[in-house]
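A.B. asks: From the sequence below, what's the structure:
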Amino acid sequence: MDLILWRHAQAHEALPGFDDASRALTHKGEGQAARVAKWLDRQLPESTRVLVSPARRAEQTAKALGRKYKLRDELVPGSSAEELLALIKWSPDTGAPHKGAVLLVGHQPVLGELAARLLGAPESVCDIRKGAVWWLRSRVRDGAPHVNLVAVVSPDLI
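C.D. replies: Numbers count the residues shown, from 1 in each chain. Coordinates of the predicted model:
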């Protein structure tokens, strides 16, 4: 299974009295989302499941891809790596439940925590930058799941 983690692109700062979930992308963020979406669209299998945080900035990021997606509350800011593992039905003992690809569009720090957990690294080392994609691939070798980091793509390099 391929697990692609896409952090939302740059968004406006939260204003006092406004809901964090309503923050929109900046003009720069819109450009970041468009560039990364163009790259992703060339790489992702057609059958990729796209699951998106209901926060406005994450949904705007996902819309740039132009594919069908589902909003999932498990991806809201403040969610846990355990919640994301349960969402994609990933077991620490058996690994990914199926073949194919899943794209999660969400937030830091949980996306970085998820990447770190799957890669066996300390949670603080996986800081996914705004608009960036981390592509992980799970394989079973000798009866045990193994996860490799296949690609890291920053919107600044596209």
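
A.B. asks: Flag the shaky bits of this structure, pLDDT-wise.
C.D. replies: Low-confidence segments of the chain, defined by pLDDT under 70, are located at 92-93.

A.B. asks: which stretches of it form helices?
C.D. replies: Taking DSSP state H as the test, the helices found in the chain are 27-43, 56-63, 81-87, 110-119.

A.B. asks: got those helices as CSV, with distance to Ala21 columns?
C.D. replies: Just so you know, the C-beta spots here come from the backbone N, C-alpha and C atoms, and that holds for glycine as well. Listed next are these as CSV, based on distance: least, C-beta to C-beta, whole Å:
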stretch, distance to Ala21
helix 27-43, 16
helix 56-63, 6
helix 81-87, 17
helix 110-119, 15
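
A.B. asks: Distance to His146 and mean neighbour count added to those, as a markdown table?
C.D. replies: A markdown table is the format used below for the helices of the chain (distance: least, C-beta to C-beta, whole Å; neighbours: other C-beta atoms under 10 Å):
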| stretch | distance to His146 | mean neighbour count |
| --- | --- | --- |
| helix 27-43 | 21 | 18 |
| helix 56-63 | 29 | 23 |
| helix 81-87 | 16 | 17 |
| helix 110-119 | 10 | 22 |
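
A.B. asks: Indicate which one of these is closest to Arg49.
C.D. replies: helix 81-87 (10.5 Å; C-beta to C-beta).

A.B. asks: name the helices or strands packed onto the closest one?
C.D. replies: The contact analysis (3 or more C-beta pairs under 8 Å, 6 or more residues apart in numbering; DSSP states H and E) places helix 81-87 against strand 101-106, helix 110-119.

A.B. asks: Could you measure from the residue nearest to Arg23 when sequence neighbours are not counted over to Thr26?
C.D. replies: Once flanking residues are discounted, Arg23 sits nearest to Ala11: 4.6 Å by C-beta to C-beta, 6 or more residues apart in numbering. Going from Ala11 to Thr26 by C-beta to C-beta, to the nearest Å gives 6 Å.

A.B. asks: which of these two has more neighbours?
C.D. replies: Ala11 (21 against 16; other C-beta atoms under 10 Å).

A.B. asks: Now do the more buried one against Asp20, distance only.
C.D. replies: Distance from Ala11 to Asp20, by C-beta to C-beta: 10 Å.
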